[in-house]
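>>> Provided below are the primary sequence and the corresponding predicted coordinates.
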Amino acid sequence: MAKEQSCFKQDFRELEEALEEGLWEVEGDNLYFAVEAKDASSAGAVVASDGGVGSIAELVHQLNGGHGCQVTRLTMAVICEAIDIDSNGTFTIGLAFDEDFEETALLAVTIRRPRPEPRLPREPGDPPEEPEMPKPIALHVNGQVAAEDVGDLPVKIEFDVQLSWDETRTAILRHRLFPLREAAASEEAPCEVEAHVTTSTGFYTTDIGFDLAKAVFLRATGTVRVRLLSLECQSLCVDQQCPVCWNLLCEPVAWPGCPHHFCLICALRTRRKPKPMCPLCRAPASQVRQAGELQVNAAHAVLIRKAVGYSAYESQRRETWAQAADLDAAGGLGGPLPLVAGGSEAWQRLRLGSQQEVILGPKYGELLRRSKDRKESSSAFAVLLQPARFEVGAKGRVCRILHANDSSAVLVEGGAACRIIELSEDSEAQSGAEPLVIGKLEELDEEELVLEEGPLAAASDIVHILGVLGRNLQAVRQRWMMTAMLQLLDEDRRNLENLQADRQGLESMLDVMMSYRQIIRQMDTLLSQASETAELLLPRTDGEREEDPALPVPESMSSPHGIQAPMRRLPPVSDEVPATPADTTIVTAVAAQSEELRGSGRSEPRDLLPVSQAEALRRRGHLLPAVGASVSGAGALPMSRTPPAFRRNRNLPRAGIFPRNVQGNQGTRGR
């Protein structure tokens, strides 16, 4: 959105430094400067011009490095100390759109003392003339009188000019006067004589072939003495950069429901998603397919064109629409890409921005050959995940080959989620090479692909977390036993406090484990129900029927081709591990020792675990192994399971997800 911001600001106490930096250009002769002390009241730079009639001296600052800008406000404070009548002394603050300030001035605020009018020649015998009183010093804006008398010098004047760049092109001056002679005599602060006197007028020039102010100038003619205090120019600032790509905001498109603007290319890519949202504030919008469906904000484009220049904007505009046409033809994800069927687990683990080493089969040799060009376009492809076969509507992920060896193992980087909307066969493959399947893609939200991958990924994460918890439990138990055997408990109970902290951490881990056990129990129930449903719908092979004659297969459930799918009943994961007598004895002994610790108030080497904790462990099925049992990290890893039989029908349920054995080598599952 367009807004005002300061494009130039000058504190004239720093005029000497500004002249050294080249911020101001000095033109003309007989111009003198004297900078007052920076800590004095009304401190600034005294500009004195000592010249005759027609002499001109100027201070010029090129706005925006000479490129110009639309100045919407100019404020300045000066103290007019002396103006010579005989030399036609004047002082002007102005804006110009070209180097010739006389002809191209947009704004001219002038302090002048009118010269006396010429008198008729005197004849002999005429009465003596009365001395003519000097006319008061007046303030003019663009040739119009704003104040007929500013008062006796010295006087402080504050200007505030508002400029409108619309069709009217008006300038509104508001000024305030502060007489300083009376204030100096009374040693008081200057009093405000007039407050916010407003004068409205048009631009000074009659030329209409300009849109920017190129320079701000301070001009003195004749002999004058003015103290410069401060000056500031504010311009109409337009967001010229797209907040997504940080390029020029060419052909700006407003996002529905929010004030944000984006370039045509970024708006097209974002609005093509199934559920587009504003990249800055997440405001929803409708989906579009082609660039022609987007509405360019013409008023905003005009402001940007004025700010950067017509030629620069038009050049970028032609390039933008050419790129939009390519996106319309390509489908939004860089054009049709080769497709790869990703059925392995390595492809399933690939996420947006992650890197994974995968194996490409021999039939993708053409893709490997193209990736050796080290070009992003030639090394990009799409892997199909849901389902992992070539069909319209299949979901997958855009990938890019980062490194390829002579073998079929390659390092790929995951990109955006996508869906196939059109299939074709590659016609550019080399002779003898197996052609690639090419797909035209549309971009999806990451959630649409993660939702279906979620159960498998969540189950894998649960198994990993349970393994980590099991190893932590083993480490805590080992530390407790070592403390008891080495008798490291001090009389001041400091080590006992460490054991209490271990107990609190152990309780937290057990709570987390119980939560995951409930999740896994629910998953096991669903898998068991799916398995029972599959047993009712699909028959088993003759070999399995001979192993289990108690479950005959009805003829009505056999397939028309006589093929019977194998079925295996999955064991539930909610079975509790049976406790051995030795384990029960250990827990009872630990509970009794904890009671003695509470009663005596002294720390004994054998007092390790409170009764409530032991009971909680026994209720939850987590029994401590016997003292002296081997402890290792491998004991917390999940037990290996026999892989499920080959599923001939894709509608059969997947193998169940079982929890890790967090009880070390002591716990076993009944088969």
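Looks like it arrived, so ask away.
>>> make it CA atoms for all contacts and neighbour counts henceforth
Fine.
>>> correct me if wrong: Ser235 contacts Lys9.
No: between Ser235 and Lys9 there is no contact under CA atoms under 8 Å: 11.4 Å.
>>> where does Thr72 land on pLDDT?
pLDDT, Thr72: 85.
>>> doesn't it fall inside a helix?
No: counting by DSSP: H, G, I helix; E, B strand; the rest coil, Thr72 is not part of a helix but strand.
>>> wait, it touches Ala213, no?
No: using CA under 8 Å as the test, Thr72 is too far from Ala213 to be in contact (9.8 Å).
>>> these two: who's more crowded?
Regarding Thr72 and Ala213, a neighbour count based on other CA atoms under 10 Å identifies Ala213 as having more, with 25 against 20.
>>> quick one, what contacts that one?
Shown in contact with Ala213 (CA atoms under 8 Å, 6 or more residues apart in numbering): Leu63, Gly68, Cys69, Gln70, Val71, Leu95, Ala96, Phe97, Asp98, Leu106.
>>> among those, which ones are in strands?
Assigned to strands by DSSP state E, the following of those qualify: Val71, Leu95, Ala96, Leu106.
>>> low-confidence bits of the stretch 401-550 of the chain, can you list those?
Under the criterion pLDDT under 70, the flagged ranges of the stretch 401-550 of the chain are 406-408, 427-434, 450-466, 484-506, 508-509, 538-550.
>>> which stretches in it count as strands?
Under the criterion DSSP state E, counting those that start in this stretch, strands of the stretch 401-550 of the chain are mapped to 409-425, 437-443.
>>> pick the most buried one from those strands.
Compared across the strands of the stretch 401-550 of the chain, strand 437-443 shows the largest average neighbour count, a mean of 23 (mean count of other CA atoms under 10 Å).
>>> could you give the angle of that strand to strand 409-425?
Counting by axes from the mean of the first three to the mean of the last three CA atoms, to 10 degrees, strand 437-443 points 90 degrees away from the direction of strand 409-425.
>>> okay, now the sheet partners of strand 437-443, with direction.
With DSSP bridges as the test, strand 437-443 is paired with strand 337-341 (antiparallel), strand 409-425 (antiparallel).
>>> thinking again about what came up before, so between Ser235 and Lys9, which is more surrounded?
More crowded of Ser235 and Lys9, by other CA under 10 Å: Ser235, with 23 against 14.
>>> chain neighbours aside, what residue packs nearest to the more buried one?
Of all residues not flanking Ser235 in the chain, Val71 sits nearest, at 4.1 Å (CA to CA, 6 or more residues apart in numbering).
>>> roughly how far apart are the one you found and Arg13?
To Arg13, Val71 is 24 Å away according to CA to CA, to the nearest Å.
>>> neighbour count: these two, which is higher?
Val71 (27 against 22).
>>> I figured the more buried one was touching Cys233, is that so?
Yes: counting by CA under 8 Å, Val71 touches Cys233, with 6.5 Å between them.
>>> picking that back up, determine which of the strands paired with strand 437-443 approaches Ala45 most closely.
strand 409-425 (60.8 Å; CA to CA).
>>> got the phi and psi for Glu232?
Backbone torsions for Glu232, taken as degrees, to the nearest 10, come to phi -150, psi 140.
>>> that one bridge partners, please.
Applying DSSP bridges to Glu232 gives these bridge partners: Lys9, Thr75.
>>> could I get the pLDDT score of it?
Listed pLDDT for Glu232 reads 91.
>>> coming back round to it: of all the strands paired with strand 437-443, which lies closest to Val78?
When those are compared by CA to CA, strand 409-425 sits nearest Val78, at 60.7 Å.
>>> output that closest one as PDB - backbone C-alpha positions only.
What follows is strand 409-425, C-alpha atoms only, in PDB (Å, rounded to 0.1, in the frame of the first residue of the first chain):
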ATOM      1  CA  ALA A 409      21.800 -45.200  -5.500                       C
ATOM      2  CA  VAL A 410      21.100 -41.400  -5.700                       C
ATOM      3  CA  LEU A 411      20.800 -38.600  -3.100                       C
ATOM      4  CA  VAL A 412      17.500 -36.700  -3.600                       C
ATOM      5  CA  GLU A 413      15.900 -33.700  -1.900                       C
ATOM      6  CA  GLY A 414      12.200 -33.600  -1.300                       C
ATOM      7  CA  GLY A 415      10.100 -30.800  -2.700                       C
ATOM      8  CA  ALA A 416       6.400 -29.800  -2.900                       C
ATOM      9  CA  ALA A 417       3.600 -32.200  -2.700                       C
ATOM     10  CA  CYS A 418       1.800 -32.700  -6.100                       C
ATOM     11  CA  ARG A 419      -1.000 -34.600  -7.900                       C
ATOM     12  CA  ILE A 420      -0.900 -36.000 -11.500                       C
ATOM     13  CA  ILE A 421      -3.500 -34.300 -13.700                       C
ATOM     14  CA  GLU A 422      -2.200 -35.600 -17.100                       C
ATOM     15  CA  LEU A 423       0.000 -38.500 -18.300                       C
ATOM     16  CA  SER A 424       2.100 -38.800 -21.400                       C
ATOM     17  CA  GLU A 425       5.200 -40.700 -22.700                       C
END
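>>> tell me which residues are up against it.
Contact with strand 409-425 is made by 350-360, 391-404, 435-446, 449, as judged by CA under 8 Å, 6+ apart.
>>> narrow those residues to those that are buried.
Listed as buried from the contacts of strand 409-425 are 350-351, 355-360, 394-404, 435-444, 449; burial here means 16 or more other CA atoms under 10 Å.
>>> of those residues, which belong to helices?
Mapping the buried ones among the contacts of strand 409-425 onto helices (DSSP state H) picks out Leu449.
>>> so Asn30 touches Ala57, yeah?
Yes: between Asn30 and Ala57 there is a contact under CA under 8 Å: 7.1 Å.
>>> need the overlap of contacts for the two.
Applying CA under 8 Å, 6+ apart, one finds that Asn30 and Ala57 are jointly contacted by Ser49.
>>> out of those two, which sits in the busier spot?
Higher neighbour count among Asn30 and Ala57: Ala57, with 21 against 15, using other CA under 10 Å.
>>> wait, a helix at that one?
No: Ala57 is assigned strand when assessed by three-state DSSP, not a helix.
>>> where do the helices sit along this protein?
Listed in chain order, the helices of the chain (DSSP H) span 15-21, 101-104, 181-186, 264-271, 298-308, 310-330, 345-348, 365-371, 446-486, 494-537, 542-547, 581-600, 611-620.
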